[in-house]
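Chemist: give me coordinates for this.
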Amino acid sequence: MFFRVMLRRNGPTVCLAPAGELDLGSGSALDELYIGADEATVVACDSRNLAVMDHTGLDGLIAFFGRLDVCGIAFFAYDWQPQPRRLLDLIDAMYPPTGTKGIRGGPTGLLRRSLLSAVRLNVRTRLSALLSTSTPAELRSTPPRRPRGPGSATPPGAAGTAPGDG
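Modeler: Residues are numbered from 1 along each chain as shown. All right, here's what the predicted structure looks like:
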């Protein structure tokens, strides 16, 4: 059968829509996709047309999402079809529950995150990186960002305005 990935950008969000069979023969299609941290902050994977996935396809998908995670890009997958969802369940069953809520810590955890948990983790990761590379003096000297756009005029005499403007 076939495999393809449709990619659509909507501002800082990239929507992926894999379709067909993700297996050994088609896993390289994910290796060819590149989404840089400067291009996206969130990747959403609509899995409703991914009819079949074997363990090699799952490995490719986990590796792809792992690369996004390293770049600090939040991602989540949704609308899993029965066969791929069953494969995720089988893999999860091999890992014992962790923590007090009994959440499994297997490799498919990345594929089962909600949008909210993906964004929270992304924010924590970016904040940790900022704090680890900045000195306290640099953090104090960074001025707060002011909104730009309609209705957010810069006060007269502020930086970025010419004398006589405003």
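
Chemist: okay, CA-based contacts and neighbour counts for the rest of this
Modeler: OK.

Chemist: quick one, phi psi at the residue lying closest to Ala51 once chain neighbours are set aside?
Modeler: Closest residue to Ala51 apart from its sequence neighbours, by Cα to Cα, 6 or more residues apart in numbering: Gly20 at 5.5 Å. According to degrees, to the nearest 10, the main-chain angles of Gly20 amount to phi 100, psi -140.

Chemist: how about the contacts made by Gly20?
Modeler: Met1, Phe2, Phe3, Arg4, Asn49, Leu50, Ala51, Val52 (Cα atoms under 8 Å, 6 or more residues apart in numbering).

Chemist: what about Pro18, how many neighbours?
Modeler: As a burial measure, Pro18 scores 21 neighbours (other Cα atoms under 10 Å).

Chemist: please name the strands paired to the helix or strand hosting it in the sheet, noting orientation.
Modeler: Pro18 is part of strand 13-22, with elements assigned from DSSP states H and E. Paired neighbours of strand 13-22 in the sheet (DSSP bridges): strand 3-10 (antiparallel), strand 42-46 (parallel), strand 50-53 (parallel).

Chemist: just to revisit the earlier point, quick one: the residue nearest to Ala51 from Arg4, how far?
Modeler: Here Gly20 is placed at a distance of 7 Å from Arg4 (Cα to Cα, to the nearest Å).

Chemist: mind pulling up the pLDDT for Arg85?
Modeler: If you check Arg85, the pLDDT there is 89.

Chemist: ok, the nearest residue to Ser26 once chain neighbours are set aside to Gly36 distance?
Modeler: Nearest in space to Ser26, with sequence neighbours left out and distances taken as Cα to Cα, 6+ apart, is Phe3 at 6.1 Å. Distance, Phe3 to Gly36, using Cα to Cα: 23 Å.

Chemist: who has more neighbours, these two?
Modeler: A side-by-side neighbour count of Phe3 and Gly36, using other Cα under 10 Å, places Phe3 first with 18 against 13.

Chemist: give the contact list for that one.
Modeler: Residues in contact with Phe3, defined by Cα under 8 Å, 6+ apart, are Pro18, Ala19, Gly20, Glu21, Leu22, Ser26.

Chemist: partners of the third one in the sheet?
Modeler: Right, the one you point to is Gly20. Going by DSSP bridges, Gly20 forms beta bridges with Phe3, Leu50.

Chemist: per-residue pLDDT, it?
Modeler: For Gly20, the pLDDT comes out at 94.

Chemist: repeat for the last one
Modeler: The confidence metric pLDDT takes the value 84 at Ser26.

Chemist: give me the element it is part of.
Modeler: Using DSSP H and E, Ser26 is not contained in any helix or strand.
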